[in-house]
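# kindly generate the corresponding structure for this input.
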Amino acid sequence: MKQTRIDKKFAELKREGRAGLVAFITAGDPDHDTSLTVLKGLPKAGADIIELGMPFSDPMADGPAIQASSQRALAAGQTMKKTLAMVSAFRTADATTPIVLMGYYNPIYVYPVDRFVADAAKAGVDGLIVVDMPPEEDAELRPQASEGGLNFIRLATPTTDEKRLPAVLAHTSGFVYYVSIAGITGTKAPDLAEVAAHVGRIKAKTSLPVAVGFGVKSEEQVSAIARIADAVVVGSALVNAIAESLDGKGRATNATKGQVLGLVSRLAGALRHPAEAAAL
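I've put the predicted structure just below:
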């Protein structure tokens, strides 16, 4: 594969001597227009890479916050075509910030795969994280994605042992996503000592950057993980910020955009100035 936006971003972060902030939102949450406005504002707020969730009716790896975000998006009429259209709209003003689509295989399968890869690449998507597609079952998507110029990013977990790790790392590109807790998203805090040990073990086996996510919510956590990993992923905290800004009928308010982007800005500040965050 030629160098992708993700590769270029991590090279830039390395030159700057800091970890990156990966911000996750669900496409279409709480509605298409609000979601697009938030998406466009993420880079200026401090997001280095964007993970855009593909709404799905049965997000089994996600906790209540992200499950609810998918339900809101689907109820508002979000589809895969609309999600890719959001990426295209984002690219009209931003040609450099990487966008990774994250979610489950079913919506890709029914699209179907060949058309999805072509449309995603055309829209300006840079990578895919498909959480329910293990290495043994990726032949329907991973080769096509790679041929289409999309990084195929895999998850490593606390239960990924030495025997399993080579299979996870094989054909992975862009970065490795280390899941810092065993379980679903946003339900408990990571143990930093354990995270450091696992990240070190992964880095001993690959030259790819390692991003750490699941359970990362606070400025202090972001600051601490930034010392361990090449990037920090924040998801549930951002979709919670969206949920808390909605009115009694679940609709966006004037506070929605500012509440989410304000949180991203604070987390980005903690990442860029870890000593200050540690003193909070």
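# surely residue 211 forms part of a strand?
Yes: assessed with DSSP: H, G, I helix; E, B strand; the rest coil, residue 211 lies in a strand.
# next, the contact list for it, please.
Each residue near residue 211 by Cβ atoms under 8 Å, 6 or more residues apart in numbering is listed here: 20, 22, 49, 175, 176, 177, 178, 229, 230, 231, 232, 233. (Glycine included, C-beta is placed from N, CA and C.)
# now, among these, which is nearest to residue 130?
Residue 130 lies nearest to residue 177 out of the contacts of residue 211, by Cβ to Cβ, at 11.2 Å.
# which residues in the stretch 151-280 of the chain form helices?
Remark: helices assigned in the stretch 151-280 of the chain by DSSP state H, counting those that start in this stretch are 165-169, 192-203, 219-226, 236-245, 256-272, 274-278.
# and the first one, which residues are buried?
Looking back up the chat, that one is helix 165-169. Neighbour counts over helix 165-169 (16 or more other Cβ atoms under 10 Å) mark 165, 168, 169 as buried.
# just for the stretch 151-280 of the chain, where's the confidence low?
182-189, 274-280 (pLDDT under 70).
# present the helices of the stretch 151-280 of the chain as TSV; the columns should include distance to residue 101.
TSV is the format used below for the helices of the stretch 151-280 of the chain (distance: least, Cβ to Cβ, whole Å):
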stretch	distance to residue 101
helix 165-169	19
helix 192-203	23
helix 219-226	23
helix 236-245	16
helix 256-272	19
helix 274-278	29
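# can you say which of these is nearest to residue 113?
Of the helices of the stretch 151-280 of the chain, nearest to residue 113 by Cβ to Cβ is helix 165-169, at 21.4 Å.
# helices or strands next to the longest strand along the chain in the packing?
In the chain, taking DSSP state E as the definition, the longest strand is strand 20-26. If you count contacts as 3 or more Cβ pairs under 8 Å, 6 or more residues apart in numbering; DSSP states H and E, strand 20-26 packs onto helix 5-16, helix 32-45, strand 49-53, helix 64-75, strand 210-213, strand 231-234, helix 236-245, helix 256-272.
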